[in-house]
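Student: just need the structure, nothing else, for what follows:
(2 chains)
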Amino acid sequence: MNIVACVKQVPDTEAQIKVKPDGSGIEEGGIKWVMNPYDEFGVEEALRLKEKNGGEVTIVNVGPARAMETIRTALAMGADKGIHICDPAFDGADAFATASALAAAIKGIPHDIIFCGQRAIDDDSGQVGAILAELLGIPQITVVTKFEFAGSSVKVIRPIEGAQLLIECPLPCLVTAQKGLNEPRYASLPGIMKAKKKPVDVKDAASLGVTVTANARVAKFIPPPARAAGKIICGDDPATKARELARLLREEAKVI
Amino acid sequence: MAKGVWIVAEQRDGAFRKISFELASTARKLADVLGEEVCAVLCGSGIEGIAGQLGKYGVDRVFVADSPALEPYTTDAHAAAVAKVVKENDPAILLLGASTQGKDLSARLVGKLVTGLATDCTDVKIADGKLLAIRPMYAGKCFGEVVFSTFPQMASLRPNVFPAVENAKAGAVVKFDPALDAGQLKTKVLEVQKDTSGKADLTEANMIVSGGRGMKGPEGYAILEELAAVLGATVGASRAAVDAGWRPQSDQVGQTGKIVSPNLYIACGVSGAIQHLAGMSSSKIIVAINKDAEAPIFTKADYGIVDDLFKIIPEFTQECKKLLA
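Tutor: Below you'll find the model as predicted:
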């Protein structure tokens, strides 16, 4: 079985995000870069699928030179090889451009199942998986918390507002991973040593024949609106404080 | 030339989701600035009868595809139907809900329509005749102003943020043939397991009572459940509580959980790790109850109580009961 897992490198969840004074982006100094947590679930599921059914896992990434570290992490977890699409042209590219690059790379290799994270925790767009599936002409199931391979098809659980759906889909298909799908493994020390020797193919936009688009572009980054300082409710005992809170929510904030 | 503001309305089991009216009202506002028409696309089975309801919220025309293949929602069928009618009519703007369905569908449409999409927007406006979409990034640690160079200019709107305002227009029904090719419909919904708790999903909840590490264990949540029952709120949890196994994954609020924007968010025993704050800071009113006066959650709170939550919450629940009686 040929399995592909797409990964992105993102600032870790504890990172403070500061907007550059000119609004052209965020300050990257001091940021710790990690594999997007949702992509980690995808890589883990790909590895489990391979371990059960045999085959090969290919990691594909669009990102700057530093993203090689994230590809190596996935290889250290147990993936077999990588494709790194590295081109400054992709700075500020939109989801369509990223998906086009991934599609161009994946078209060239056999693929039965593709895993992506349900969204990247940096731009929070959640588009690349679905656009990639469309460009490859295969079905998608997004935001999946349970995955089962059943021969020529997959059965998955997709939570929606107020319900869970059990969905079946034939191969080839693309699945985007949600938290809860699995518990990703840590790379072992031998895994890390082996990963250094695994092949990673580096490509640029031209070698893939991709035109980089910016159909939707962040023209300006802005800091979040500041919240006015809040009120600390004082009182002699819990009952007094609780009563005052209820009163304020009713009379001042008018929310209950 | 691309013209008109379009929405993809969302229904389930023959009833509109609230987001549909939020979309319609927002589209009306944008269309009035442009002097253009608002159209909605509505897909499903046996739903022609409800289409007119969209008129009440400012929709001029509703394009309806009514087919058993469109119920329940699958990406294959809905994306094909919506892409067909959108391509035939060439709207300038296309809005969807940033619901689970809307996110799935909107992203697939970007591929089909070869255009750009701003996901999960908290504000949209017209600037120089074009759409300007404002959206949180990094789970709200910063915001981005998104501009478009292709049509339709697509945005998905965060539920619960845009008001649904009545503004009666014709809501005229225009039927269209989705021309679905059975061979293209690959995904099948085998089962819909409904949550019978009757609680709103966190992403759609009007009020959220959320517990963190300070709840001390799964049994601590009983007092939050009780308060939530009185308020009609949904219970949420911090990542620490979910990772400890106290609450299910689906309850998690934060950067790697659900990003929420209720009218009232009550954080109990939540310290306010940056990834949690990121997921809830667009709530309208935030209350923090925590023993630790230095907890970062107080920097986001409109109202704070520094005290033992196990003493405060039961008293507060009683007060709310009295007020709401």
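Student: now do the contacts for residue B:220.
Tutor: Counting by CB atoms under 8 Å, 6 or more residues apart in numbering or on different chains, residue B:220 touches B:211, B:246, B:269, B:310. Backbone N, C-alpha and C define where each C-beta goes, glycine included.
Student: what is the helix or strand containing the last one packed up against?
Tutor: What that stands for is residue B:310. In the assignment (DSSP states H and E), residue B:310 maps to helix B:309-324. The contact analysis (3 or more CB pairs under 8 Å, 6 or more residues apart in numbering or on different chains; DSSP states H and E) places helix B:309-324 against helix A:238-251, helix B:222-231, strand B:285-290.
Student: can you say which of these is nearest to residue B:31?
Tutor: Among these, the nearest to residue B:31 by CB to CB is strand B:285-290 (31.3 Å).
Student: partner strands of that closest one and their direction?
Tutor: Partners of strand B:285-290 in the sheet, by DSSP bridges, are strand B:264-268 (parallel), strand B:303-306 (parallel).
Student: show residues contacting it.
Tutor: For strand B:285-290, the surrounding residues in contact (CB under 8 Å, 6+ apart) are A:227, A:230, A:245, A:249, A:253, A:255, B:214, B:263-272, B:280, B:295, B:297-298, B:300-307, B:309, B:312-313.
Student: likewise for stretch A:72-83?
Tutor: Outside stretch A:72-83, the residues that touch it by CB under 8 Å, 6+ apart are A:5, A:7, A:35, A:43-44, A:46-47, A:50-51, A:56-61, A:71, A:105, A:109, A:184-188, A:191-192, A:194-196, A:198-201, A:203.
Student: which of the residues you listed fall within helices?
Tutor: Secondary structure from DSSP state H places A:43-44, A:46-47, A:50-51, A:71, A:105, A:191-192, A:194-195 of the contacts of stretch A:72-83 in helices.
Student: leaving out the residues flanking it, which one is nearest to residue 34?
Tutor: Using chain A here. Once flanking residues are discounted, residue A:34 sits nearest to residue A:12: 4.5 Å by CB to CB, 6 or more residues apart in numbering or on different chains.
Student: that's the wrong chain, I meant chain B
Tutor: Counting by CB to CB, 6+ apart, the residue nearest residue B:34 is residue B:126, at 6.1 Å.
Student: got the CA positions of the helix or strand of chain B with the lowest mean pLDDT in PDB?
Tutor: Across the helices and strands of chain B, mean confidence by mean pLDDT, DSSP states H and E is lowest for helix B:274-280: a mean of 93. What follows is helix B:274-280, C-alpha atoms only, in PDB (Å, rounded to 0.1, in the frame of the first residue of the first chain):
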ATOM      1  CA  ILE B 274      -1.800  30.800  25.800                       C
ATOM      2  CA  GLN B 275      -3.200  28.000  23.600                       C
ATOM      3  CA  HIS B 276      -6.400  28.100  25.700                       C
ATOM      4  CA  LEU B 277      -6.800  31.900  25.600                       C
ATOM      5  CA  ALA B 278      -6.300  31.700  21.800                       C
ATOM      6  CA  GLY B 279      -9.400  29.500  21.500                       C
ATOM      7  CA  MET B 280     -11.800  31.500  23.600                       C
END
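Student: any bit of it sitting next to chain A?
Tutor: Yes - Helix B:274-280 comes into contact with chain A (CB under 8 Å from any CB of the partner chain), by way of B:274-275, B:278.
Student: returning to what we had before: most surrounded residue in the contacts of residue B:220?
Tutor: Within the contacts of residue B:220, most neighbours by other CB atoms under 10 Å in any protein chain shown means residue B:211, with 30 neighbours.
Student: surely the residue nearest to residue A:34 and residue A:30 touch.
Tutor: No - checked against CB atoms under 8 Å, the pair residue A:12 and residue A:30 is beyond contact range at 11.5 Å.
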